[in-house]
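[1] pasting the structure only:
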């Protein structure tokens, strides 16, 4: 099953966990939808209410930036590793 | 009696408290470190005031969180406290204002929208009457974004609310938010081809008079105004101010006609007049203003005080507070006559709110 790696800044919203095992595979959207069901406060920090990935949140599926590989439609194999990383931003 | 001052900054919320009638202050470490706090409020209708904070992570977006123990613990629902309905196709970018008013907590956001909570500030519903206003497509955005930053519920009539936005101006409802009308007659918009439009003004902040609920004071993007008829018409009260630009407008908690401002030179020179750190107070509803600076820095002073970075508390002899973009916070326990430093070297101060409990 896919594994989602949660950055330290968001682990409080994931019950303190840094690795989340999710049942959904097929697309990144499905994975985030499941996160929204199980860890809603985490999901809404990744996507806004229109469903768009927040501008300064980067998601890598097996090392590939999802924005370059289909966005939320990026394929997620059953054994994928999905890494969430805050982008370089801020002042 | 404890005074608590909430200080929202670009990088966290700080709480200062005083147990000696606001003579000395203890400052907390940062709550929500690294996260901007554009809105903070105390809901004093509860036995223990509820502290509400609108926080805004540059990475992870905006939310509202509340504390019933002065910041020892915070709670936030699983669902997004504010979320636009799907049909709008937009997302909340920032919470600019939180205004508790009895059983209701109001919030103002960027993009310009008004929200209403009836569960103590955990869940907010979009006020569709204002969102669907035919003027909305023509509301503009200033440098700070397009936001409702002022919400003033009428103290005696829950159906009446006045809001202000940049840019767009003042709007009011008298039917609980179903319908809204602009209320900008007399407020100049020098930056538009028609300087006297029905709406489109860049009102920076509005405050309600403590004694007369139909009297308000407005700091505009150039221009300082008063209305005594609930917003039907506005008149300038800038004649004896050293400048008519600025962001703040604060009223006394109980005494009518007493107001404070922190004037800046101009739109193009956003710094205190003569580089002097001075608050100006009027005790005659803006007819005349007097500077107040005893205890404030004497050396050339450049920082700006932002629209929500000045407030009063609820004491009979009102405390007055302001914070600057240089991270300094000053307090007066005698209505501005003398000042002392609460904090320095903080991040840019975005908002302050104070309560005596």
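    Structure received. All values reported here derive from a predicted model rather than from experimental measurement. Residues are numbered from 1 along each chain as shown, chains lettered A, B, ... in the order given.
[2] could you count how many residues lie near residue 85?
    All of this refers to chain A. Number of residues near residue A:85 (other C-beta atoms under 10 Å in any protein chain shown) recorded here: 14. C-beta here means a position set from N, CA and C on the backbone, and glycine is covered the same way.
[3] um, chain B though
    Per other C-beta under 10 Å, the neighbour tally for residue B:85 reads 12.
[4] now do residue B:290
    Residues contacting residue B:290 under the criterion other C-beta under 10 Å number 12.
[5] and the next helix or strand past whichever strand or helix holds residue B:116?
    Assigned by DSSP states H and E, residue B:116 belongs to strand B:113-117. Note on strand B:113-117: by DSSP H and E, the next helix or strand toward the C-terminus is strand B:125-126.
[6] what mean pLDDT does that next one have?
    Computed over strand B:125-126, the mean pLDDT rounds to 98.
[7] and if you look at stretch B:155-166?
    So the average pLDDT for stretch B:155-166 ends up being 96.
[8] same check, this time on stretch B:175-192
    Across stretch B:175-192, pLDDT averages out at 97.
[9] so for that stretch, what gets flagged as buried?
    In terms of neighbour count (16 or more other C-beta atoms under 10 Å in any protein chain shown), stretch B:175-192 has its buried residues at B:177, B:180, B:182, B:183, B:184, B:186, B:187, B:188, B:189.
[10] just stretch B:110-125 next, same as before
    Result for stretch B:110-125 [16+ other C-beta under 10 Å]: buried residues B:110-117, B:120-124.
[11] and residue B:12, how far from residue B:70?
    Noted for residue B:12: a distance of 16 Å to residue B:70, by C-beta to C-beta, to the nearest Å.
[12] please read the previous query as pertaining to residue B:117.
    21 Å.
[13] and residue B:337, by the same measure?
    Distance, residue B:337 to residue B:70, by C-beta to C-beta: 28 Å.
[14] which of these two has more neighbours?
    Each of residue B:337 and residue B:70 has its neighbours counted (other C-beta under 10 Å); residue B:70 has more, 19 against 13.
[15] grab the nearest non-local neighbour of residue 49.
    By default, I'm working from chain A. Nearest residue to residue A:49, sequence neighbours excluded (C-beta to C-beta, 6 or more residues apart in numbering or on different chains): residue B:83, at 4.0 Å.
[16] oops, I was thinking of chain B
    residue B:42 (4.4 Å).
[17] buried residues, the helix or strand hosting that neighbour. List them.
    Element membership for residue B:42, per DSSP H and E: strand B:36-43. Neighbour-count burial for strand B:36-43, counted by 16+ other C-beta under 10 Å, picks out B:36, B:37, B:38, B:39, B:40, B:41, B:42, B:43.
[18] so which residue is smack in the middle of chain B?
    The residue lying closest to the centre of chain B (C-alpha atoms, centre = their mean) is residue B:308, at 3.6 Å.
[19] rewinding a little: TSV for the buried residues of stretch B:175-192, including distance to chain A and secondary structure?
    Formatted as TSV, those follow (distance: C-beta to the nearest C-beta, whole Å; DSSP: H, G, I helix; E, B strand; the rest coil):
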residue	distance to chain A	secondary structure
B:177	21	coil
B:180	23	coil
B:182	28	strand
B:183	31	coil
B:184	31	coil
B:186	38	coil
B:187	33	coil
B:188	34	coil
B:189	31	coil
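[20] where do the strands sit along the stretch 151-300 of chain B?
    Using DSSP state E, counting those that start in this stretch, the strands of the stretch 151-300 of chain B run over residues B:161-166, B:169-173, B:181-182, B:203-208, B:216-220, B:224-227, B:235-236, B:245-246, B:250-251, B:259-261, B:263-264, B:279-282, B:290-292.
[21] for chain A, what's the longest helix?
    If you go by DSSP state H, chain A has its longest helix at helix A:28-38.
[22] what about the residue nearest to residue B:49, distance to chain A?
    Residue B:42 sits 24 Å away from chain A, going by C-beta to the nearest C-beta, to the nearest Å.
[23] ok, residue B:118 next?
    Distance check for residue B:118 against chain A: by C-beta to the nearest C-beta, it reads 20 Å.
[24] tell me who's in contact with that residue.
    Each residue near residue B:118 by C-beta atoms under 8 Å, 6 or more residues apart in numbering or on different chains is listed here: B:103, B:104, B:105.
[25] setting the sequence-adjacent residues aside, check what's closest to the first one.
    The reference is to residue B:103. Closest residue to residue B:103 apart from its sequence neighbours, by C-beta to C-beta, 6+ apart: residue B:118 at 6.3 Å.
[26] neighbours of residue A:9, how many?
    Residue A:9, neighbours per other C-beta under 10 Å, totals 15.
[27] so when I look at it, I'm seeing a helix, right?
    Yes - judged by DSSP: H, G, I helix; E, B strand; the rest coil, residue A:9 forms part of a helix.
[28] buried sites along stretch B:10-28?
    Counting neighbours by 16+ other C-beta under 10 Å, stretch B:10-28 gives B:10-18, B:22, B:25, B:27-28 as buried.
[29] among those residues, which are in reach of chain A?
    When contact is defined as C-beta under 8 Å from any C-beta of the partner chain, these meet chain A at residue B:10.
[30] tell me the one of the buried residues of stretch B:10-28 nearest residue B:292?
    Nearest to residue B:292 among these: residue B:22, at 15.8 Å, using C-beta to C-beta.
[31] ok, so what distance separates the closest one from chain A?
    As judged by C-beta to the nearest C-beta, residue B:22 and chain A stand 33 Å apart.
[32] now for that residue: which residues touch it?
    By C-beta under 8 Å, 6+ apart, the residues touching residue B:22 are B:3, B:313, B:315, B:319, B:331, B:333.
[33] residue contacts, the last one?
    Remark: with contacts taken as C-beta under 8 Å, 6+ apart, residue B:333 is in contact with B:21, B:22, B:23, B:315, B:317, B:319, B:340.
[34] what residue ranges in the stretch 251-357 of chain B are flagged as low confidence?
    Nowhere does the stretch 251-357 of chain B drop to pLDDT under 70.
[35] which parts of chain B sit against chain A?
    Within reach of chain A by C-beta under 8 Å from any C-beta, chain B has these residues: B:10, B:34, B:57-61, B:63, B:76, B:78-80, B:83-84, B:86, B:89-92.
[36] buried ones among those residues?
    So, by 16+ other C-beta under 10 Å, the buried ones in the residues of chain B next to chain A are B:10, B:57-61, B:63, B:76, B:80, B:83-84, B:91-92.
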